[in-house]
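[1] Using only what follows, build the 3D model:
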Amino acid sequence: MIYTMIEIVLFIGLGATLGFLAGWFLQRSRRFGSDGWGPLHRFPTSPNSHYPPITAPEQVDLGAIEAEEHATLKAARAAVLERMQRRALPASSDDLTQVRGIGPVISNLLYEMGVTSFEQIAAFTEEDIELVGAALGSLAGRIRRDNWVESARQLEEARQSSEA
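    Numbers count the residues shown, from 1 in each chain. Below is the predicted model:
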């Protein structure tokens, strides 16, 4: 019994040692070039090298891009607000987070744009969806994907039936 346990411990130790050595050799061969003398990411500097020359990345002014995106979103939100103000105002505002796919952040954005009720969302036309989507920026596809119009319509119908 003890002899068998000693054999098991020796075989496990031998297997672990061989596995460690194999892993070490594989890792070393990945880290160094085929000649084994240096890392793969080293770039020769001679002009007749077969590597392409290294150039500095193009400088991009991220602040200007963000300012332009912000101005575009601000203009789109102003257009939605103007459009919603031209329509008849709803009798009351609703908790828009009840609409499937609208969380607190989107709800606040919609309130700022004058969208305050289920009735307004349920009455969205394709043009409204495009306009509000542009005003939401990166969240634009959520209106169709989460089917806000149908969800708002169901919530509005449920509210009207409970009032009757």
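[2] low-scoring stretches of the chain, by residue?
    Along the chain, segments meeting pLDDT under 70 span 28-62, 65, 70, 85-91, 164.
[3] Can you pull up the most central residue in the protein?
    Averaging the C-alpha coordinates of the chain gives a centre point, and the residue nearest to it by C-alpha atoms, centre = their mean is S138 (8.5 Å).
[4] So what's the residue count around the closest residue to L155 other than its chain neighbours?
    Counting by C-beta to C-beta, 6 or more residues apart in numbering, the nearest residue to L155 once its immediate chain neighbours are dropped is F118, at 4.6 Å. In this view, the C-beta of every residue, glycine as well, is placed from N, C-alpha and C. Applying other C-beta atoms under 10 Å, we find 26 other residues in the vicinity of F118.
[5] so which helix or strand takes in the closest residue to T97 other than its chain neighbours?
    If the residues on either side of it in the chain are set aside, T97 comes closest to S107, at 5.1 Å by C-beta to C-beta, 6+ apart. Secondary structure assigned from DSSP states H and E places S107 in helix 104-112.
[6] ok, and what's touching that helix?
    77, 81, 93, 95-97, 102, 116, 132, 135-136, 139, 142 (C-beta atoms under 8 Å, 6 or more residues apart in numbering).
[7] Moving C-terminal from that helix, which element do we reach first?
    Sequence-wise, the next helix or strand beyond helix 104-112 is helix 118-122, with elements assigned using DSSP H and E.
[8] tell me which strands and helices that next one is in contact with?
    Packing contacts for helix 118-122, counted by 3 or more C-beta pairs under 8 Å, 6 or more residues apart in numbering; DSSP states H and E, involve helix 148-163.
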